[in-house]
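**Student:** Dropping a prediction and its sequence here:
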Amino acid sequence: MELGYFLHQVGTTFGVGSDASTSSDAARLLRAAPAEIGHLVPAGYLTEGSPGRGNAAVCPWVSFFDPDETTTATRGMYLVYLLAEDRKTFALSLNQGVTEITKALGAREARQKLAAQAQAIREALPAETRAGLDATIDLGGQPGLPRSYEAGNILATTYEVAALPDEQTLRADLSRLIGLYQDALAVREELRRTTRDTIVTVVEQPPAQSRELLLHFAPKSDEEYVQVVTARQLRKSRSHETLVQQYGTYLREQGVEVGTNVHPRDLVILKDGIHWLAEAKFIRRGNATGAVREALGQLATYAFCLYPEDTQPRKMALFSEPVGDVYVRLLEHHGIAAVWRTDEGWAGSPSAVAAGIA
């Protein structure tokens, strides 16, 4: 289904006030959003449409979630089409979850925090990134969730339901806001680390069930110590798994043996009789520092803990985008080849190219 047709059908047929219903055709179309328009967002993103639960929503919505950030509209940052209460406009808004913070702080304080956080993120984005987008949205006059959505808006563009743009424009706007979503996540993380009390809504998610072996020490006395390998939980994102799958497929197409059932390692590569230990890192919009540091530490740990000293593997760090010349040279200095995804395929450091894995 075309995006314009979807928005027009919902906007023109979802009732107002007492005429709204969660069992109407428009409500069913909203719930079908994953099948109808989910293909318009990147693979791995989650799509959800809501006409309301129990009672019809004052502002029905369709949301898109990066699962590395959130899988629900109650927390985190997400992209959403919000239908105004008078059904005359749709706002495509980069917004923030309001439910959990409202429960914790109350509506008034939560809106103040959401608005302050939205402003901080918005102002930290480059001017050219936010050009032509709106800092505010107007969903109508009713109290409750619509006021919180308005407070949580970071940037948006608003359409008249009766005069929607053409399909190409709608899709271009959606693509632009998806890119902005990733930029804003990186900006928010930088603000959280560098600006005290600016970011207050980041909720730590429970880790997934995958486990990673980490090395730590348990001293027994002043004269000796014992190495202990223990397990802790490690969250692996869908983006991470997609990166591993895509690169592994590329290698297999080149006739290279690849193993992913080598937990806790991401990949083991066997090429020309050489055993490679690979660690994959998904980078969010150019923020490579943390990814490179984690790759260095994990490769060193796995090589030390999982391989005999006399049969150490070659080491490789796999990234979702370029990490920059300085970090490539740093990794090479530590004997680690680097490979990263590009529009053309898989590029790599000198040692990776020489080995034929990039």
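**Tutor:** That came through fine. Numbering: from 1, shown residues only.
**Student:** For Leu46, which residues are in contact?
**Tutor:** Contact analysis of Leu46 by C-beta atoms under 8 Å, 6 or more residues apart in numbering lists Pro34, Phe64, Phe65, Pro67, Thr71. Every C-beta, even on glycine, is put in place using the N, C-alpha and C of the backbone.
**Student:** Strands - which of those land there?
**Tutor:** Phe64, Phe65 (DSSP state E).
**Student:** Strands along the stretch 151-300 of the chain, start to end?
**Tutor:** 155-160, 211-219, 225-233, 257-259, 267-271, 274-281 (DSSP state E, counting those that start in this stretch).
**Student:** By mean pLDDT, point me to the weakest helix or strand of this protein.
**Tutor:** Least confident helix or strand, the chain: strand 211-219 with a mean of 27, by mean pLDDT, DSSP states H and E.
**Student:** In the longest helix along the chain, which residues are buried?
**Tutor:** For the chain, the helix with the greatest residue count under DSSP state H is helix 167-194. Neighbour counts using 16 or more other C-beta atoms under 10 Å place 170-171, 173-174, 177-178, 180-189, 191-192 of helix 167-194 among the buried residues.
**Student:** the inter-axis angle of it versus strand 155-160?
**Tutor:** If you take axes from the mean of the first three to the mean of the last three C-alpha atoms, to 10 degrees, helix 167-194 sits at 150 degrees to strand 155-160.
**Student:** mean confidence score for helix 167-194?
**Tutor:** The pLDDT scores in helix 167-194 average 90.
**Student:** Could you list every helix and strand that it packs against?
**Tutor:** Here helix 167-194 touches helix 3-13, strand 77-83, strand 89-96, helix 107-124, helix 127-130, strand 155-160, going by 3 or more C-beta pairs under 8 Å, 6 or more residues apart in numbering; DSSP states H and E.
**Student:** elements contacting the first one?
**Tutor:** By that I understand helix 3-13. Helices and strands touching helix 3-13, by 3+ C-beta pairs under 8 Å, 6+ apart, are helix 25-31, helix 33-37, strand 77-83, helix 167-194.
**Student:** Export these as CSV, with columns for distance to Trp340.
**Tutor:** Converted to CSV, the helices and strands packed on helix 3-13 look like this (distance: least, C-beta to C-beta, whole Å):
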stretch, distance to Trp340
helix 25-31, 39
helix 33-37, 31
strand 77-83, 25
helix 167-194, 17
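**Student:** partner residues bridging the closest residue to Pro313 other than its chain neighbours?
**Tutor:** Nearest residue to Pro313 in three dimensions, chain neighbours excluded: Leu277, at 4.1 Å (C-beta to C-beta, 6 or more residues apart in numbering). Beta-bridge partners of Leu277, counted by DSSP bridges, are Val268, Lys315.
**Student:** Next up, the contacts around Leu277.
**Tutor:** Leu277 neighbours (C-beta under 8 Å, 6+ apart): Arg265, Val268, Leu299, Tyr302, Ala303, Tyr307, Pro313, Arg314, Lys315, Met316.
**Student:** Please produce a ChimeraX select command covering the buried subset of the residues you listed.
**Tutor:** For the buried members of the contacts of Leu277, the matching ChimeraX selection, counting by 16+ other C-beta under 10 Å, is:
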select :265,268,299,302,303,313,314,315,316
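**Student:** Between all of the contacts of Leu277, which two are separated the most?
**Tutor:** Every pair in the contacts of Leu277 was compared (C-beta to C-beta); the two farthest apart turn out to be Tyr307 and Met316, at 14.3 Å.
**Student:** on that earlier part again, so which one of the contacts of Leu46 is the model least confident about?
**Tutor:** Pro67 (86).
**Student:** Test my guess that that one contacts Thr47.
**Tutor:** No. Contact criterion C-beta atoms under 8 Å: Pro67 and Thr47 do not qualify, at 11.2 Å.
**Student:** Who has more neighbours out of the two?
**Tutor:** Neighbour count, other C-beta atoms under 10 Å: between Pro67 and Thr47, Thr47 has more, with 19 against 12.
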